[in-house]
Every structure is written in structure tokens, then in C-alpha cells.
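Peer 1: Build the 3D model from these lines:
(chains A and B)
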Amino acid sequence: MKAIPESNASMVVRSESKLGRFVRRAVQNRYLYLMSLPFVAWAFIFTYYPLWGWLMAFQKYNPRVSVWDRQWVGFKNFQLLFQDETFYLVMRNTLAMSFMSLIAAFTIPIVFALLLNEVKHMVFKKTVQTISYLPHFVSWAVVAGIVSKMLSTDNGAINDLLMWVGILDEPVQWLAKGQYFWGIVTLSDIWKETGWNAIIFLAAMAGIAPELYEAAKVDGASRLRQMWHITLPSIRPTIIILMILSIGNLINIGFEKQFLLGNNLVVDHSKVLDLYALEYGIKLNRISFATAINMFNSVVAIILLFTANGLFKRFSKESVF
Amino acid sequence: MATKRKWSSLVLSAVLLSSLLAACSSNSKNGASSSSAAPSESSSASASPSEEKLKPLTLSYYSEDVNPNWANMQDDIGKFLTEKTGITIDAEFAVGDAVQKSALIASSGDFPDIIMPKTSINKFVDAGAVLDLTDLINEHAPNIKKVFEGQMNRLKYSEADQAIYVIPSYDGINQQNLDTNGGFQLQHRVVKELGYPTIRTVKDFENAIKGYLEKHPKDENGNPNIGLSLIADDWRMYIGVTNPAFAVTGGSDDGEYYVDINTNEVTYHFRRPEEKEYFRWLNHMNAEGLLDKESFVQKYDQYKAKIATGRVLGLIDQKWDFDDGQKALKSEGKFDQAYGHYPVTMSEEYKHTAFWPTGFTGGSGIAISVDNPDPVRTIKFLDYLASDEGQVLVNWGIEGKHYKVENGKRVIPADVNDRKINDAINFQKEAGIGSYNLLSAKYGDGVVDPSGNYYTTNFPEQIMVGYSDVEKEVLAAYNGKTWKDLFPNETEFKVKPWGALWNIPVPSDSELVVLEEKIKNITWKRVPEAILAKPDQFDAIWDKFLKEIEAANVKKAEGLRQELLNQRLVLWGN
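Peer 2: Next up, the predicted model:
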């Protein structure tokens, strides 16, 4: 009988002291808290506040009347979305191209960074690095122009080369064939982003303690062994964190490349979710429908992020949060 | 060291602060302009004299059509207009996809003062963004009324909503077609080389290209000549690929539909068996290797660049679309690689319908938004542009500078005309001629003003002055003075009493909107596929296409369009 109130009391005391500790710490670190305030406000204004626009997805949007007076339509927009077979087609394309670029983004830049890391000649290394990340700053509109010129049947470099080597007998209209489209998009992505993506891995590699390599050398490890047993494990946390974040972004691949490289002949392979939202949502003035797509997008992104994070946490003990 | 660091952080924060202030001040400027607008409205209502009228007023303006030569009213005409009316126009043009931009503006609830939405007008009307101009025109715009005399019915929005939202500015009143934009195009060197054969049917067209290619498979640099190149990039699919299908089979432009002139029956035009034959011919052209392989892949800029190389023998396009490429050829003096227009149809039984008269169609034009600070002054400004004086100003420029009056006739001095043709872009930027035509109601080409001169600078005599010697030679061989002479004349057709089906506004929440988007996507996918297929597969793909659009409810879309058409017939009193 006596024990219960006592333990209750001690709990209260503990929780009070917890709060008290927090307050005391907050006062102690008041300048840090103050400094973070603008960024919290920033995040709130630009990412949380707009969320209330999601209400539109359940309404018939009309700019003339205020949010509260608009007609509520329930889940009609979502029903329309899930009943449309085009939606499943664009989901397939979106996911296929995201996965392909995800795989490309976590193999080629890492290999590239590993190789570059082994280069001892500093001037050469810096030059290669600079040249390789420059394409990142070229806009997709320009890249698409270059790509379609390269793949053209009218004196395009790729066709000319393949014909000269003897692989092709006559030029292939690469951009007119749906089966090549995903590959073309992924390859142009690799060309554009490899150098840029490698930077972060190179930076992680630069932070590896040289004693590790020295110890390995003493033990007789070859260069390949050093890469495998020292470099790669050391940058593993970086790789995993980046991977979790990009899995969260899997569905938001934008539409620039697909829009600029696509045409009516490959539309079954080139139309992605964002293009669909543009065509069937905004362009047709179906703002509510477009909002529904966006909402679906965000929900899927959050689920993906948490799943990826959970999986990595369980199996590799590394995670974002 | 420490002090140095402090300084740099101070500088940084100062920069940040000033950028913040800049952002705020641009806001406050907007606020000020709208608050200062209020008194000017009341004063103009009290009809105080011109003193008030000249008070500077800046109107924001959004246009779906891009004017790359817009000089922010710093051109001669712009300065004159600002001086005369006190109004400055702050223009914003749709870059990229205009329809999408309009949709965003319409749904933002924050509208520019003057809007030129073309067929997106439905979105603005549904958003309550634009004013009913009926009373404004009646009270303040005698000149606009004069221009539209007898046609005011055609300005009304729809049978259900008889307000006037737009002052049509694209369709000139009593416009006479002086020359043609369309038809099929062949380089002059092709017909010259072959001794001016008759170019009347698709077969003639094909034979001409084939004949020339046999003689000259490559150009002087060893690059292969290209038979026929089509443009199918985004909306150009309409003008480059699908619209010619009805034009060569006796149909006129009613958008994606064919309307029977006698029964007024609406059909999705691809469903006509005649048009299947046109696409079969394109398929045949491809199989023969006469069609440019890149036709459905190339982007617009690549297409223009290709034309500018002079290697493309034939086109099926509109002059305003391929003219950039053609201008490049002309400026290099390659006049025989420029294009002539021929009235090609499937067979002799069809007439080319480029000049099927629609009457005044109203439609695309200028709207005044509900956010406009001073609609009365705005309509007066537009009214001035529509007046005789204003029309001469926007078309001819400033007297004594861009034209002279000799013996009561307006003449363009030789040096001005020379700049107009050979330095067109810079001239437009400096003079502003051509930058203000679409801002208000206008008279068409070939209409004469009270002084006995034409309102516009395009009139029959002027057209022929613009032709090159090669062009004149080719035309002479075909017994024409202008390209238009080769085409069937307006008088051979019965005027379409509904104007044009494509410019009847569709309420943006109508089921039709989504239906048509779906059908369009199927069409744009299947038509290129059918054209590029092996000839023995063409029928199978075409049948599949017809089945797919039927499954996508094309009949329902036809029915809804039919309703719109019937309503317009009632509205326009036929």
C-alpha cells in the first residue's frame, strides 16, 4: 500500500526533473537555440505550412471561394487516379527508371571514386575530377540536344561509329524505339552525374586514417586488397546514408529528361508520374487531381524512406535516424 | 584575426539583410501601386479632363503567345503610346507550355491586369478572373464597337453565359487572305529541275521528290538530301501531321473534328476512312525511304536547323512554323532552296480547303482581369488602339519616320522597307511595328481606311514585292501571281456558320476535357506508329487505333462537341 504512492511520487519527481533538465539545458544553450530558430522557421514555412494545401485533394478546387466553402468530394480524386490505367503505366516507368539510375548512381561513381583515389599524381587527379563533374552543371535541355544529335541517324556519332566498326549495317533510330528509352535515360544520367556523385565518396575516402593503409601494407595487402578491406568498409556509412535518402526520393525523379528526350513513339516508356500530373492535372486545370497525385507521391516517399531506414538499421546497424 | 572574422560576418549579415529588404520592398511597391490606383479610378469616373488621363499607369499583361521582340515599350510606338495615354504595359509571356502557364495563373487567384489567354479563356472564366466587358465597351469604346459592327453577337462567350470576356484580336475584321501559309511545300529547285510538273495530288508530290532525289541524292557537301521531313514535336503534331489529313480530304479546320457542312454532324476526324488513306500514303512514303527517318523524333529546333541546311526537299507544314529555317536560307542567298506552296490533296476529287471561309470567328483576344486597377482607362487604351489612328500607328508606325504620305497615299520609304525585310528583328525592337497588333480589335489585311489606304501593310501589291526572283519565276510557270492563286478560292466554299469548332470554349470542368486528353494521347501514339510500320502491318495498327479510341469513348466526346456546336449555332443566330 505504501509502495504505490511512493513510486508515483518518484515518477513525478523524475519527470519533473527531466523537464527541468531540459529547461536548464535550453537556458544554458540559449544562443544555439536562438541560432537554430530561423532554420526551424524556414522549414516550417516552406515545408510544413504548404501541407495544408493538401486539403485541395479532397475538394473541388476553385480559386474564387475560400478553402472552407469549397465543395468536398472525399476520395474521388484518388479513386480517379487509381482507376486510370495510364497511372499504372507511368508508375512502372517511374520506378523502372528510378531503380536503374539508383543502381547506376551507387556503382559507377563509387568505382570511379575508388580508382581516382588510387591516383597519386595530384594534378592529374584534380583535372580528371574537375572535368568529370562539369557535366553536372549543364542543363538537361542541352544534354538532351547533345544526346539526340549523337543518336541521330543523320550523321549521328553513335550510329557512324557502330557502322564503321561493323556492328550495324544501317543506322538505328535509337530514340524511336521504346525498348531503348530507359537505357538511354540512364546512360545520359551516368554521363551527367558520375563525377558529381563521386565527389562525396572521394571526400569520405580522404578522411580515412593513413595508418590503416600503412598497417595493411606491412601485412602485405595488395592495392586491391586495401581497397576491399579498408577503403570500402570505411565509406560504408556514407554509402548507406546516401542510399537511404535516395530510396526515399525514388518516386520523385522529376520529368526533365523524360520530357526532353521522349517523343510520341516511345511514350509508353517515357511518361513518368510527374509528366502525368502535368498533363492530366495542371494542364487540364484539375488542380485537385494534381494535388492528389502529389499527396500519393509524398506518402509513398515516406513509406519508402522508413522501410529503407528500418531495413538498414536491422541488417547493417547504419541508419539516418 | 578575430576582428577580421567579425567584419566578414558583419558584411555577410548586411548582405543577407539587404536582400531581405529588397524582397520586402518589391512587395510594398506592389501594394503602393494598387492603392494609388484606387483614386485614379474614381477620378476617371468623374470624367476630369486629360490632365488625369495622363497620370502614369502601369498595367501588367500576360500573353500566351511569345513576342521575342518585345522591347518593354521602349520602341518608337511604345513611347508614343505611353506619352499619349500615360499607360505602360509590363508584359509577361508564356515560356514553354502556354496552356500549362495559363492554367497556373488561372488557378493562382492572382491575375495580371490584362490577359491574352487564347483558348485557355475557359480556365479564366471559370476562375472568375475576367470582367464582363459588355458595358465597358458600350460606354467607353466607340471604336471597338465600330470595328465589330454587326458582329457583336460573335463576341459572346456561350449560349448559357452571354457575357463578353474577350475583345478578339487575332481574327482581323474582314480579313482577306492575301497569301497562303499552308498546303504542301516543295523547294523551288525541285520543280525547276523537273520542268514545273503539275503538283496537285499526293502522288504528284511524291513523284516530284522522288524524281529530284534520283538525280541529286546528295547535296554539294556530300550529305544526303532529305525527301520529306515532318515536324511532330509536341503540339506541332497537329499542324505537321494530323491537320493535313483533313486538309487533303476536303475537310476544313475544326480542330480534332470533322464537321459536315450540310448536316453539321461532328466526327473525330481520324475516324473518316478517307483520312486513313492519307496516313497510308505517309506510311508508303516511309517505306520508300522518302520520309525523313527522324520525323517523329526531332525537336523543333533540330527541324529548323535541318531546313536551314537546305537539304529538305519537301515539307508539310505552315509557313509561320518553318519560316525561321527558310529565312536563314534566304539570307544566304539560297533562294531556290526556299519553298513554294502547292494545293496538294489525296486525289483530284478533293479541293484543298486552306481558304474555306469561316466568317469572323471571334475567339482569341484580350481580356481585362478582375484585378485590373482601372478597367475604364484600360478599355479606353484598347479603344484607342482600335481607332483608325491607332490601327495605322500599330501597323505602319509613326508618320515621317516609318512611312510617308505622298499624294494621299501611305508609302514606306525604301530604306525603312529594306530594314524591315533584312533586319527584321532589330527593326521590330526599335520601331515596335508588329508588337502591338494583337492588343486590341483590328482590321484585317486588305481593308481600306477612310483615307483610301489599307490599314495593314499586307496588301496584294505588297505581297508580290516581297517575293524573290526565283519565286516569281516559279509562280509564273504555274500561272499565278501569288501562291494563293494556285489554291481554290474562298468563293468556292459555303461559309461555315459556326466559325470554327476549335475555338468554341469548353467549360473546364466538362467531362470532355479529360476524354479528349486521353483520346489525344492514344492518337499521338498510334498515328506515328502506323506511319512507321511495315506497309503490311498498317491496317492492323489502324484498326487497333480505332478500337482503342472507341474504348476511350470517342463517341461521347463527339456528342459533347456536337452539343457545343449546336449551342453556338443558336448563339450566333443561324
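Peer 1: Could you find the closest non-adjacent residue to the closest residue to chain B within the stretch 1-150 of chain A?
Peer 2: Per C-beta to the nearest C-beta, A:P63 is where the stretch 1-150 of chain A lies closest to chain B, at 3.7 Å. In this view, the C-beta of every residue, glycine as well, is placed from N, C-alpha and C. Distances taken as C-beta to C-beta, 6 or more residues apart in numbering or on different chains place B:G109 nearest to A:P63, at 3.7 Å, with adjacent residues excluded.
Peer 1: List the contacts of the one you found.
Peer 2: Residues in contact with B:G109 (C-beta atoms under 8 Å, 6 or more residues apart in numbering or on different chains) are A:P63, A:R64, B:A127.
Peer 1: How many residues are close by B:N283?
Peer 2: Residues near B:N283, counting by other C-beta atoms under 10 Å in any protein chain shown, number 22.
Peer 1: That one: which element?
Peer 2: helix B:273-287 (DSSP states H and E).
Peer 1: helices and strands around that helix, which ones?
Peer 2: Applying 3 or more C-beta pairs under 8 Å, 6 or more residues apart in numbering or on different chains; DSSP states H and E, one finds that helix B:273-287 contacts helix B:202-215, helix B:243-247, helix B:511-532, helix B:538-551.
Peer 1: quick one: that helix to helix B:202-215, angle?
Peer 2: Angle of helix B:273-287 versus helix B:202-215, following axes from the mean of the first three to the mean of the last three C-alpha atoms, to 10 degrees, is 10 degrees.
Peer 1: sorry, back to before: so which of the contacts of B:G109 would you say is closest to B:P273?
Peer 2: Nearest to B:P273 among these: B:A127, at 41.4 Å, using C-beta to C-beta.
Peer 1: wait, what's in contact with residue 317?
Peer 2: Assuming you mean chain A. Counting by C-beta under 8 Å, 6+ apart, there are no residues that A:K317 touches.
Peer 1: that's the wrong chain, I meant chain B
Peer 2: B:Q185, B:L230, B:I231, B:I239, B:G240.
Peer 1: try it again with 10 Å
Peer 2: Listed by C-beta atoms under 10 Å, 6 or more residues apart in numbering or on different chains, the contact partners of B:D317 are B:181-185, B:229-231, B:236, B:239-241, B:243-244, B:303, B:307, B:323, B:325, B:339.
Peer 1: and the angle for the helix holding B:N283 with helix B:511-532?
Peer 2: Going by the same axes, to 10 degrees, helix B:273-287 makes 40 degrees with helix B:511-532.
Peer 1: and helix B:273-287, average pLDDT?
Peer 2: Here helix B:273-287 scores 96 as its mean pLDDT.
Peer 1: thinking again about what came up before, okay if I get the helices and strands packed on helix B:273-287 as a markdown table plus distance to B:N177?
Peer 2: Compiled in a markdown table, the helices and strands packed on helix B:273-287 are given as follows (distance: least, C-beta to C-beta, whole Å):
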| stretch | distance to B:N177 |
| --- | --- |
| helix B:202-215 | 22 |
| helix B:243-247 | 15 |
| helix B:511-532 | 29 |
| helix B:538-551 | 33 |
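Peer 1: Out of those helices, indicate the one that is most buried.
Peer 2: helix B:243-247 (a mean of 23; mean count of other C-beta atoms under 10 Å in any protein chain shown).
Peer 1: and that helix, how far from the chain's centre?
Peer 2: 18 Å (C-alpha atoms, centre = their mean, to the nearest Å).
Peer 1: Starting from that helix, tell me the next helix or strand along the chain.
Peer 2: Next element after helix B:243-247 (DSSP H and E): strand B:257-259.
Peer 1: Any part of the next helix or strand after that following strand near chain A?
Peer 2: Following strand B:257-259 in sequence order, the next helix or strand is strand B:266-268 (DSSP H and E). No. Strand B:266-268 is not in contact with chain A by C-beta under 10 Å from any C-beta of the partner chain; minimum separation 17.8 Å.
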